[in-house]
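Visitor: What follows is a predicted structure for the sequence shown.
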Amino acid sequence: MYPAQPHPAAIDVRYKPSLSVVYIVGGSLFLLLSVLSILLQEPISVWLVLGPVFIVVGVLMRSKRFLRFEPAQGALYMYGPLGNRVRTYGAPKGERIVFDGANIMRLRADGKQKKVRTASTAHPEDLQRLQHALWSLQQQPPTRPGV
């Protein structure tokens, strides 16, 4: 009855820019504290390690993705600042990813709903694009195999 709808391409959501700025500024302050401790001939402090680590994480957050939604698989993947996959939601876990008008939700097989926490870390425009894609996928009629 309905023609098969092609699945849109994968949608990537970046980290919120202000979050990476916080890491870079914090790392710079830690690095400054370590330089001051060296100038004051204090023993080498933890700031000497934390400063560069925070700066690197902040820079990586500017270029790495935070979320990736693959409509063909119905999977939502969450990534860490180093690019490693830290969480998997959706079909690979027997769930459905939906947008309820305010939040991205996981509909579990047992009927329970769980919110996917994205608001404080995701880039707002990218998150809005993902929400729109989820909403439009929900509005499509289900495809029936063999018809």
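Guide: On my side now, so go ahead.

Visitor: all contacts plus neighbour counts: C-alpha atoms, from now on.
Guide: Fine.

Visitor: can you give me the strands for this structure?
Guide: With DSSP state E as the criterion, the chain has strands at 11-14, 65-70, 75-79, 85-90, 96-99, 104-107, 113-115.

Visitor: number of nearby residues for residue 76?
Guide: 23 (other C-alpha atoms under 10 Å).

Visitor: separation between it and residue 96?
Guide: 10 Å (C-alpha to C-alpha, to the nearest Å).

Visitor: same question, residue 58
Guide: Counting by C-alpha to C-alpha, the gap from residue 58 to residue 96 is 32 Å.

Visitor: okay, these two: which has more neighbours?
Guide: When residue 58 is set against residue 96 and neighbours are counted by other C-alpha under 10 Å, the residue ahead is residue 58, at 24 against 18.

Visitor: residue contacts, that one?
Guide: Residue 58 makes contacts with 19-24, as judged by C-alpha atoms under 8 Å, 6 or more residues apart in numbering.

Visitor: quick one: pLDDT of it?
Guide: With respect to pLDDT, residue 58 has a value of 95.

Visitor: Ok, the one 10 residues further on next?
Guide: As summarised for this prediction, residue 68 has a pLDDT of 94.

Visitor: In space, what's closest to it - neighbours in sequence excluded?
Guide: Nearest non-adjacent residue to residue 68, counting by C-alpha to C-alpha, 6 or more residues apart in numbering: residue 12, 4.5 Å away.

Visitor: Next, count neighbours for the one you found.
Guide: Using other C-alpha under 10 Å: residue 12 sits among 19 other residues.

Visitor: just the one 3 residues further on next, same as before
Guide: Other residues within reach of residue 15, judged by other C-alpha under 10 Å, total 28.
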